[in-house]
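S.K.: Got a predicted structure here, sequence first:
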Amino acid sequence: KKGIYILDVHIADVSFFVKKNSPLDKEAYYRGNSTYLINNVIPMLPFELSNNLCSLVPNKKRFAVTMRCLINKKGQILYFNFFRSLIKSNMRYTYDDVSKILKSKQRKNRRNPKKIKQLHKKINLLGNLCDILQNKNKKTYELDEILKPKSIFVLDKNEKIIKFLKDKHDKSHQIIQEVMILTNHLVTKKIQDGLQKPLIFRVHNEPKKKKIDIFLEHVKYFKLIHQNDIKYFNRPNVLNDLYNQIMILLKKNKNIQTYFDYSFKKMMNPASYTTHNAGHYGLNLRDYTHFTSPIRRYNDLIIHRILLGEDYNTKELNKISHNITNTLRISKRSENAYKDMKIRRWLTDHTNKIFKGIILGMTSRHIIIRLKKFMFTIRLQAHFKTYKTFPKEYYFVDVKQRKTYNIADNINLKCTHVDIFMPDKTKWIIHS
């Protein structure tokens, strides 16, 4: 209205059902978060809550916590507030549905064209607002995107991998991302500055100087920037600029792009929960927490309670933040181990097949290689009788073939033996 966007974000009111210190709450604290194993989930809360009472299903009245904000065409927040609400969702859309609407490829619904037309108009308005927020924050969220996983798996009814897909982060995903980040940021400001209460922050510390130096050594090796400019980039707050410059320079060299994508991720610290506000480096935001998924993250449930009047002291929040940081890391390790096990199971049907890869790095014991088509990384065991590595010089030698391979080179591999449960016993060799 008059160039002002009115954005409502509705999050299920889980705190209405899960009371502090109740048996449900204690179990949710113990689990800390939901764990996702490709097409299976170990939920933080019971199915009746996660898939029914706290799910904003179409045409059902549901309790929610709403964030309403007014945003102008420059992306400036003119007003925001949080309040409890009772909502009824009009429609459930998938990411693909929204992508088709945004691209004007959605078929007309003959049963209710007026209602569908109104919904499509709102979705297109959301698309416009997303553009405004992205333009305002063009340097803000790019690092967060770099750190996201790039591939997903499709399983059959026997839970075997049948397809590897590249994770497409199109406009429909970007809308959700922009809105969720904005909501998480504003609720932090509301509690911290408005209510002046202690809370748990989601923090992402800037990379350590030693790791930045290693990354810059890689940049120097490929002669991507002038020697005199290295000192300028030896600071965390300009690394995003450097990464973007590298990606533009290497637009036509996908191998070195992949290599720097891997190196950049290695440089980053893991995010954590804490009561000390150290900012979120990946999002380039000073004030940030998690609020938008209380059904699957215990931190979000705590933030809901604090926002709605429940009091926690700093000692309680310290204990909670330490626990949920650990539970989330355990979940991530479990999810990665499960994915790796599924990949090794898939490899049992593809032994002695030739795979194309890119050399990403090496140590005295291993050569790290990304398989191109399948977007997963393997470690090739190095030994002075087989593959002799020179990590500081960025190359290794295939002793038997008397061939030298450099970092970011293409390489052909063959898997000769697979052990589904013992990754170190899975054997790879270079195929000349």
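M.R.: Looks like it came in fine.
S.K.: buried set for stretch 349-360?
M.R.: By 16 or more other CB atoms under 10 Å, the buried positions in stretch 349-360 come out as 355, 357, 358, 359, 360. In this view, the C-beta of every residue, glycine as well, is placed from N, C-alpha and C.
S.K.: Can you list the helices and strands that the helix or strand hosting residue 219 packs against?
M.R.: If you go by DSSP states H and E, residue 219 is part of helix 209-221. Packed against helix 209-221 by the contact rule (3 or more CB pairs under 8 Å, 6 or more residues apart in numbering; DSSP states H and E) you find helix 230-233, helix 239-249, helix 254-267.
S.K.: Quick one: residues in contact with the first one.
M.R.: Among residues not part of helix 230-233, those counted as contacts by CB atoms under 8 Å, 6 or more residues apart in numbering are 216, 219, 220, 225, 238, 239, 241, 242.
S.K.: before we move on, back to that, the helix holding residue 219 to helix 239-249, inter-axis angle?
M.R.: 20 degrees (axes from the mean of the first three to the mean of the last three CA atoms, to 10 degrees).
S.K.: Would you mark the buried spots in helix 209-221?
M.R.: So, applying 16+ other CB under 10 Å, buried residues of helix 209-221: 211, 212, 215, 216, 218, 219.
S.K.: Let me have the contacts of helix 230-233 in a markdown table, extended by distance to residue 87.
M.R.: Shown next, in a markdown table, are the contacts of helix 230-233 (distance: CB to CB, whole Å):
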| residue | distance to residue 87 |
| --- | --- |
| 216 | 50 |
| 219 | 50 |
| 220 | 55 |
| 225 | 51 |
| 238 | 43 |
| 239 | 41 |
| 241 | 41 |
| 242 | 44 |
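S.K.: Tell me the one among these nearest to residue 102.
M.R.: residue 241 (29.6 Å; CB to CB).
S.K.: Average pLDDT for the longest helix belonging to the chain, rounded please.
M.R.: Of all segments of type helix in the chain, defined using DSSP state H, the longest is helix 314-347. Per-residue pLDDT over helix 314-347 has a mean of 95.
S.K.: before we move on, back to that, okay, the contacts of helix 230-233 in JSON lines with pLDDT next?
M.R.: Below are the contacts of helix 230-233 laid out as JSON lines (pLDDT from 0 to 100):
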{"residue": "216", "pLDDT": "87"}
{"residue": "219", "pLDDT": "87"}
{"residue": "220", "pLDDT": "85"}
{"residue": "225", "pLDDT": "77"}
{"residue": "238", "pLDDT": "78"}
{"residue": "239", "pLDDT": "79"}
{"residue": "241", "pLDDT": "76"}
{"residue": "242", "pLDDT": "81"}
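S.K.: quick check, nearest of those residues to residue 69?
M.R.: residue 241 (29.3 Å).
S.K.: which stretches of the chain form helices?
M.R.: Remark: helices assigned in the chain by DSSP H are 23-31, 47-48, 95-102, 113-136, 142-146, 171-189, 209-221, 230-233, 239-249, 254-267, 298-307, 314-347.
S.K.: In CSV: the helices and strands packed on helix 209-221, plus distance to residue 14.
M.R.: Listed next are the helices and strands packed on helix 209-221 as CSV, based on distance: least, CB to CB, whole Å:
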stretch, distance to residue 14
helix 230-233, 43
helix 239-249, 34
helix 254-267, 32
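S.K.: now for the ones you listed, which one comes closest to residue 285?
M.R.: Nearest of the helices and strands packed on helix 209-221 to residue 285, taken as CB to CB: helix 239-249 at 13.0 Å.
S.K.: list the helices and strands that closest one packs on?
M.R.: Counting contacts by 3+ CB pairs under 8 Å, 6+ apart, helix 239-249 packs against helix 142-146, helix 209-221, helix 230-233, helix 254-267.
S.K.: just how off-centre is that helix within its chain?
M.R.: Taking the mean of its C-alpha atoms, helix 239-249 sits 20 Å from the chain's own mean (CA atoms, centre = their mean, to the nearest Å).
S.K.: what angle separates that helix from helix 254-267?
M.R.: Using the same axes, to 10 degrees: helix 239-249 against helix 254-267 is 170 degrees.
S.K.: Use 36 as the first number from now on
M.R.: With 36 as the first residue, the last one maps to helix 274-284.
S.K.: May I see the buried residues of helix 274-284?
M.R.: Neighbour-count burial for helix 274-284 flags 274, 275, 277, 278, 281 (criterion: 16+ other CB under 10 Å).
S.K.: cool, and stretch 79-95?
M.R.: 79, 80, 81, 84, 85, 88, 89.
S.K.: ends of that stretch, how far apart?
M.R.: With CA to CA, to the nearest Å as the measure, stretch 79-95 spans 23 Å from end to end.
S.K.: And the contacts of it?
M.R.: Residues contacting stretch 79-95 (CB under 8 Å, 6+ apart): 45, 47-49, 52-53, 59, 62-63, 66-69, 78, 97, 99, 122-127, 329-333.
S.K.: can you give me the mean pLDDT across it?
M.R.: pLDDT averaged over stretch 79-95 gives 93.
S.K.: any idea how far that stretch is from the chain center?
M.R.: The answer for stretch 79-95 is 24 Å, by CA atoms, centre = their mean.
S.K.: follow-up on the earlier one: what's the closest of the helices and strands packed on helix 244-256 to residue 106?
M.R.: Closest to residue 106 of these, according to CB to CB: helix 274-284, at 23.8 Å.
S.K.: which residues are in contact with the helix holding residue 254?
M.R.: Here helix 244-256 makes contact (CB under 8 Å, 6+ apart) with 242, 260, 262, 265, 268-271, 274, 277, 281, 294-295, 298-299, 301-302, 429, 442.
S.K.: hmm, 6 Å instead?
M.R.: Taking CB atoms under 6 Å, 6 or more residues apart in numbering as the criterion, the residues outside helix 244-256 that touch it are 265, 298, 302, 429.
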